[in-house]
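[1] Any chance you could fold what I've pasted below:
(3 chains)
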Amino acid sequence: MVATAPERSTRSRSWRWTAFTGVSLLALVTIHMVAHHFVVDEIGGLRTYQHVLDYISTPIIFVIEGVFLMVVTVHAMLGLRSVLFDFGLSERWRRRLELGLVALGIVTVVYGFILIGVLASRA
Amino acid sequence: MSETRAPFDRERDAGVEEILRGRRQPAPVSRKLPGPIAWFDLRSRNTGHLAFSLNRVTGLGLVAYLYLHLAVLSQLLGGEDAWNDFLEVATTPLFLGLDVLLVFGLLAHGLNGTRVALVGSGFVPNRQKALFWSLMAFGAIVLVYSALHIFGGEA
Amino acid sequence: MTTETTSTRRLRVHRFKRGDDAPHVEEFDVPMGEDATVLEALRWIQLHGDPSLGLRHSCFHASCGTCGVRVNGRERLACVTKIADFSGTITVDPIANLPVLLDVVVDMATFFAHYPDPHPIVRESGFLPEAAVADDLDGHERYEDCIECGLCLSACPVAATDDSYVGPAALAYAQRLLEEPRDGVDRNALLDWADQDAGAWRCHAAFECTEACPSDVRPAQRIMSLRKELRHRRSEQGREVPEQAAGEEAT
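    Purely as a prediction, here's the structure:
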């Protein structure tokens, strides 16, 4: 009846960041969805090409969408981590998974910023 | 006088060997269903498991959507014509329906996530069922409004 | 003198013996009275059907926790689960997420191995004002609500895929120790034990453990209380516990 001694590190940071980014997304997703489905008077509220350029080139919008991109990516990577950890992976595979998710997250954010940066520059 | 039993005799003790071999086998773990399928098996389960399964399905779906969305938005790099071609497809009823599905996923995941964040922080753990259903009811109202707007085309 | 109505019910029972390639199911038609329990039906099978049926039970009144099984997929104590509550064929399986030793008997050593050490079962309650000891008694012994039946672990969706998860029972036990501190409990060591990936933070708030618990332990609520304790400790100490490896939380 001896439990193994716990590792000295805490995993609560994952949970706290997941919760924090999740709560932030309640506002950010709402803004994003309203902006892209409820503002423009087109079918489905979808923006035309020029609408998108005008939208993303506005500085405050660029910042908000950039923050949204980062927060949603962090939340997505943490969520994936949580789901994949539920498979009972060994410590070695957990580390590999974390590194992989960090890399995926960085690539996602970098590509996203390149995308909105290019579009903003075209306006 | 009692007979002294000889040490293990393979012929005589074949049955014993079989029993010992059985005992040395690792005991298989009882599972309801193999692997992650169990996460989504709602038979004989309750509200909390429904919430857990829903959160997991919508979460994974939204991660997939994130990358699909980035791929779709990349059409914008191809210029106005490329984007207009996409819009022609995106404004068909099927795709508008997928937009409504997206809204469902966002509402289900976001509102249930709110429950998980609150309850997981130690707030109202004894009211988690009521919290789930009331949040889902609110979500259903928002979903209906969103669907009417997406298909209706007016703000 | 009342005459009990007897009806024949069909039970589909999980069968497995160590060394078998795979488990199988056997059906038994069992004549039972209307107040009969699943445990009585299984014992009838042992006596009149198949004496090799492996079965674990003890008290017959839901206080020992040894007769936990899954009845029609749902975690139950066989001794207090009435046959009459079910219609049609009744399936009886061992509780999930633990190794099966024999038929519906599981290896509880794995369940107990997850508990924090030390694991006092019985502790004196003489320190509580309301537990003043009467003159003719040496002292009180307080028993835990938890009967360590394992139904919570069986119902948990996380334990379904991750055997390293310590489980609701062990976490609820740790929270009870914190809630009613007695001599010999090292709060920090206990919180350190709970503050791990396979501990309090692995729970996804499905609350199936609370639904399955036959003793009103409410393990899910206790896990959430445990998290609250961990957060209070963090804010009191005003520090981040150092991460173990560079790969942790870089996102």
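
[2] ok, residue 93 - contacts?
    Let's take chain A. Listed by C-beta atoms under 8 Å, 6 or more residues apart in numbering or on different chains, residue A:93 has no contact partners. (C-beta placed from N, C-alpha, C; glycine too.)

[3] Correction: the question concerned chain C.
    By C-beta under 8 Å, 6+ apart, the contact list for residue C:93 reads B:30, C:14, C:69-70, C:73, C:104.

[4] Pretty sure it sits in a strand.
    Yes - judged by DSSP: H, G, I helix; E, B strand; the rest coil, residue C:93 forms part of a strand.

[5] circling back to that earlier point, of the contacts of residue C:93, closest to residue A:39?
    Residue A:39 has its nearest neighbour among these in residue C:73, at 48.3 Å by C-beta to C-beta.

[6] was I right about that closest one contacting residue B:44?
    Yes - with contact defined as C-beta atoms under 8 Å, residue C:73 reaches residue B:44; the gap is 3.8 Å.

[7] sorry, back to before: mark which of the contacts of residue C:93 are buried, thanks.
    By neighbour count, with 16 or more other C-beta atoms under 10 Å in any protein chain shown, those hold B:30, C:14, C:69-70, C:104 as buried.

[8] Grab the two from the residues you listed that are most spread out in space.
    Within the buried ones among the contacts of residue C:93, two members stand farthest from each other by C-beta to C-beta: B:30 and C:69, at 10.3 Å.

[9] State the pair within the contacts of residue C:93 that is farthest apart.
    Spanning the widest gap among those are C:73 and C:104, at 13.7 Å by C-beta to C-beta.

[10] Now for residue B:30 and residue C:69: what residues contact both?
    Shared contacts of residue B:30 and residue C:69, defined by C-beta under 8 Å, 6+ apart, are found at C:93-95.

[11] Can you lay out the residues you listed as JSON lines showing pLDDT?
    JSON lines is the format used below for these (pLDDT from 0 to 100):
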{"residue": "C:93", "pLDDT": "96"}
{"residue": "C:94", "pLDDT": "96"}
{"residue": "C:95", "pLDDT": "96"}
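
[12] In chain C, which residue sits closest to chain B?
    In chain C, the residue that lies nearest chain B is residue C:19 (2.7 Å; C-beta to the nearest C-beta).

[13] Residue numbers of chain B in contact with chain C?
    Neighbours of chain C within chain B, by C-beta under 8 Å from any C-beta of the partner chain: B:18-19, B:21-23, B:25-33, B:35-36, B:38-39, B:43-49, B:51-53, B:55, B:115-116, B:119-122, B:125-126, B:128-129.

[14] ok, and of the residues you listed, which contact chain A?
    Among the residues of chain B next to chain C, chain A is touched by B:35-36, B:39, B:116, B:120-121 when using C-beta under 8 Å from any C-beta.

[15] circling back to that earlier point, and the contacts of residue C:93, which is closest to chain A?
    Proximity of these to chain A (C-beta to the nearest C-beta) peaks at residue B:30, which lies at 15.6 Å.

[16] so the closest one touches residue C:99, yeah?
    Yes - the criterion here is C-beta under 8 Å, and residue B:30 meets it with residue C:99 at 7.4 Å.

[17] Show me the common contact partners of the two, please.
    Listed as contacting both residue B:30 and residue C:99 by C-beta under 8 Å, 6+ apart are residue C:106.

[18] Look at the nearest residue to residue C:46 once chain neighbours are set aside and give its secondary structure.
    Nearest residue to residue C:46 in three dimensions, chain neighbours excluded: residue C:53, at 5.0 Å (C-beta to C-beta, 6 or more residues apart in numbering or on different chains). Look at residue C:53: counting by three-state DSSP, its state is coil.

[19] go on, residue C:75?
    Secondary structure for residue C:75, judged by three-state DSSP, is strand.

[20] my read: it touches residue C:95, true?
    Yes - using C-beta under 8 Å, residue C:75 makes contact with residue C:95 at a distance of 6.1 Å.

[21] How about the secondary structure of residue C:178?
    For residue C:178, the assignment made with three-state DSSP gives helix.

[22] and the residue of chain C closest to chain B, which of the three is it?
    Under three-state DSSP, residue C:19 comes out as coil.

[23] which residues of the chain score low on pLDDT?
    Went with chain A since none was named. A:1-11, A:44 (pLDDT under 70).

[24] wrong one, I was asking about chain C
    Low-confidence segments of chain C (pLDDT under 70): C:1-5, C:118-131, C:139-144, C:181-184, C:238-251.

[25] Do a quick rundown of the helices in it.
    With DSSP state H, the ranges of helices along chain C come out as C:38-44, C:108-113, C:151-155, C:168-179, C:187-194, C:208-212, C:219-237.

[26] go on, chain B?
    For chain B, applying DSSP H gives helices covering B:14-24, B:47-73, B:80-90, B:93-120, B:128-152.

[27] For residue C:75 and residue C:95, list the residues in contact with both.
    With contacts taken as C-beta under 8 Å, 6+ apart, residue C:75 and residue C:95 have C:68-69, C:151, C:154 as neighbours in common.

[28] Which of those sits closest to residue B:73?
    Comparing these against residue B:73 with C-beta to C-beta picks out residue C:154 as the nearest, at 45.4 Å.

[29] Do I have it right that residue A:120 meets residue A:62?
    Yes - the criterion here is C-beta under 8 Å, and residue A:120 meets it with residue A:62 at 5.7 Å.

[30] Need the overlap of contacts for those two.
    Both residue A:120 and residue A:62 are contacted by residue A:56, under the criterion C-beta under 8 Å, 6+ apart.

[31] show me what contacts residue 96?
    By default, I'm working from chain A. Applying C-beta under 8 Å, 6+ apart to residue A:96 gives no contacts.

[32] Wait, chain C was what I had in mind.
    For residue C:96, the contact set (C-beta under 8 Å, 6+ apart) comprises B:30-32, C:70, C:153-155, C:159-160.

[33] Could you dump those into TSV and include distance to residue A:86?
    TSV is the format used below for the contacts of residue C:96 (distance: C-beta to C-beta, whole Å):
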residue	distance to residue A:86
B:30	18
B:31	14
B:32	15
C:70	21
C:153	15
C:154	17
C:155	15
C:159	10
C:160	9
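
[34] how about those residues, which pair is most distant?
    The distance between the two most remote of the contacts of residue C:96 (C-beta to C-beta) is 13.6 Å, for C:70 and C:159.

[35] Residue A:78: neighbour count?
    Burial of residue A:78 is recorded as 24 neighbouring residues (other C-beta atoms under 10 Å in any protein chain shown).

[36] show me the contacts for it.
    A:14, A:17-18, A:21, C:251.

[37] Next up, identify which helix or strand it is on.
    Per DSSP states H and E: residue A:78 is located in helix A:59-85.

[38] how about the residues of the stretch 1-150 of chain C that lie near chain B?
    With C-beta under 8 Å from any C-beta as the criterion, the stretch 1-150 of chain C meets chain B at residues C:14, C:16-20, C:23, C:70, C:72-74, C:93-101, C:106-107.

[39] go again using 10 Å as the cut-off
    Taking C-beta under 10 Å from any C-beta of the partner chain as the contact definition, the stretch 1-150 of chain C meets chain B at C:14, C:16-23, C:70-75, C:93-102, C:104, C:106-107, C:110.

[40] of all the shared contacts of residue B:30 and residue C:69, which comes closest to residue B:66?
    residue C:95 (38.3 Å).

[41] What's the per-residue pLDDT of residue B:53 here?
    Note on residue B:53: pLDDT of 96.

[42] Identify the residue spatially nearest to it, adjacent ones excluded.
    In space, and not counting its chain neighbours, residue B:53 is closest to residue B:40: 5.0 Å by C-beta to C-beta, 6+ apart.

[43] my guess is residue C:97 meets residue C:164, correct?
    No - Residue C:97 is not in contact with residue C:164 according to C-beta atoms under 10 Å; the separation is 11.6 Å.

[44] So which of these two has more stuff around it?
    The neighbour count for residue C:97 versus residue C:164, taken as other C-beta under 10 Å, is higher for residue C:97 (27 against 18).
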